[in-house]
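J.: A predicted structure for the sequence below; I have some questions about it.
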Amino acid sequence: MRAMEITLNSPLDMHLHLRDGDMLKLTAPLSADFAGAVIMPNLVPPVTTPEMMQGYAAHIEAALDGAAFTPYMTLFFTALGEKELLAAMEAPGFFGFKLYPAGITTNSEGGVSDMAQADTTLHLMEELGIPLLVHGESHGFVMDREQEFLAVYRHLATRYPKLKLSMEHITTAAALKLLDEFPNICATVTLQHLIITLDDVAGGALRPHLFCKPIAKRPEDRDALLQAALSGHPRLFFGSDSAPHPRCRKEACGCAAGVFTGPVALPKLAEIFATHGALENLQAFVSDNACKWYGLAPVQKQITLRNTPMSVPAAYRSYGQEVVPMYAGESIGWSVVR
């Protein structure tokens, strides 16, 4: 096998869950190959104020123990006035707001139940240049939830044409088409949705560590997402949606939704892009596209990946926590050069 390697400049994860407490202490260092990440706010209670956000950022920085990693912090979307929005913008580390439909995913019970109630806040965000990141699912049949939410995206993109609107963790070919319809829409896509379909999760023996929301879809959806990523689409960014849960909550009735990909994301992406002859587009997918769209200047950090195998642990254990990663107990074809 011919030796191959790539050095990435300041890779970014545009959608990351780190949790808090002991779980944060375990998972933050495992996600720190990136130069930074957009941190999700759906803790218990959710991160809704600048004070809560700064407290959470301090926890993250302590868990990273000096690693070169910038947490781009988000607030859980609630209807706010101009004074509160300006206060958020002035808070160090603030990136944008994450909007969840009420009850649609982990710790989202306080989300939006009526988009009309968000109208004033969204107009203000548009004027102030504050990004809106959206978990785009309805409460319909599980395979149709993203498709049904596309009408909401169209409404948002049309009503607020200057709003920077991100469709988070898209899973369907239909969602990709909105990138061509609306210049104010971007999207993130996860590692798992470039690889798996629902059949991998539940087609044979149930694989709880691949269960996430939005759920993996059909082969044609996965293939469309993969081709868009490989092609370097300028408004499609990598966002892992790495979402750790204790092993006991994944291997249980009422399986928690989330795939933990933080430690394997960059090596597996390199393997995928190399396999498809598109390694030259990986830098754009994991950094350049997002930096251009959002005007980011991340900390300078170079990560070199090489096509030497990485043995993925069966689980990561520390601080009384145990988390099972994607590809647990397996080998993937690329690894980070340490």
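T.: Arrived safely.

J.: so who does His15 touch?
T.: His15 makes contacts with 37-38, 40, 133, 168-169, 188, 190, 239-241, as judged by C-beta atoms under 8 Å, 6 or more residues apart in numbering. No exception for glycine: its C-beta is placed from N, CA and C like everyone else's.

J.: now do 7 Å
T.: Applying C-beta atoms under 7 Å, 6 or more residues apart in numbering, we find His15 in contact with 38, 40, 168-169, 188, 239-241.

J.: what about it, which SS state?
T.: strand (DSSP: H, G, I helix; E, B strand; the rest coil).

J.: That one - nearest residue in space that isn't next to it in sequence?
T.: Gly239 (2.9 Å; C-beta to C-beta, 6 or more residues apart in numbering).

J.: these two touch, right, that neighbour and Met14?
T.: Yes - using C-beta atoms under 7 Å, Gly239 is in contact with Met14, at 3.9 Å.

J.: ok, the two, which is more surrounded?
T.: Met14 (30 against 26; other C-beta atoms under 10 Å).

J.: name the helices or strands packed onto the helix or strand where Glu61 lies?
T.: According to DSSP states H and E, Glu61 maps onto helix 50-64. Here helix 50-64 is seen to pack against helix 21-30, strand 70-76 when contacts are counted using 3 or more C-beta pairs under 7 Å, 6 or more residues apart in numbering; DSSP states H and E.

J.: quick one: which of the ones you listed is nearest Arg247?
T.: Arg247 sits nearest to helix 21-30 of all the helices and strands packed on helix 50-64, at 11.5 Å, using C-beta to C-beta.

J.: distance between the closest one and the chain's centre?
T.: Centroid displacement of helix 21-30 relative to its chain, using C-alpha atoms, centre = their mean, to the nearest Å, is 17 Å.

J.: So which bits of the helix or strand that that helix is followed by are buried?
T.: Downstream of helix 21-30, the next assigned helix or strand under DSSP H and E is strand 36-39. For strand 36-39, a neighbour-count test (16 or more other C-beta atoms under 10 Å) marks 36-39 as buried.

J.: Mind exporting the C-alpha coordinates of strand 36-39 to CSV?
T.: As requested, the backbone C-alpha atoms of strand 36-39 are provided in CSV (Å, rounded to 0.1, in the frame of the first residue of the first chain):
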residue,chain,number,x,y,z
GLY,A,36,-12.2,24.4,17.7
ALA,A,37,-15.8,23.4,17.6
VAL,A,38,-19.3,24.9,17.8
ILE,A,39,-20.6,23.7,21.2
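
J.: Tell me the strands beside it, with direction?
T.: Taking DSSP bridges as the criterion, strand 36-39 forms sheet pairs with strand 12-16 (parallel), strand 70-76 (parallel).

J.: closest one to Gly103 among those?
T.: Across the strands paired with strand 36-39, Gly103 has its closest neighbour in strand 70-76 (13.4 Å, C-beta to C-beta).

J.: In strands, which of the contacts of His15 appear?
T.: Counting by DSSP state E, the part of those found in strands is 38, 188.

J.: how about the contacts of His15 in TSV, adding pLDDT and distance to Ile196?
T.: Shown next, in TSV, are the contacts of His15 (pLDDT from 0 to 100; distance: C-beta to C-beta, whole Å):
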residue	pLDDT	distance to Ile196
Val38	98	23
Met40	97	21
Glu168	98	18
His169	98	13
Thr188	98	17
Gly239	98	16
Ser240	98	14
Asp241	98	13
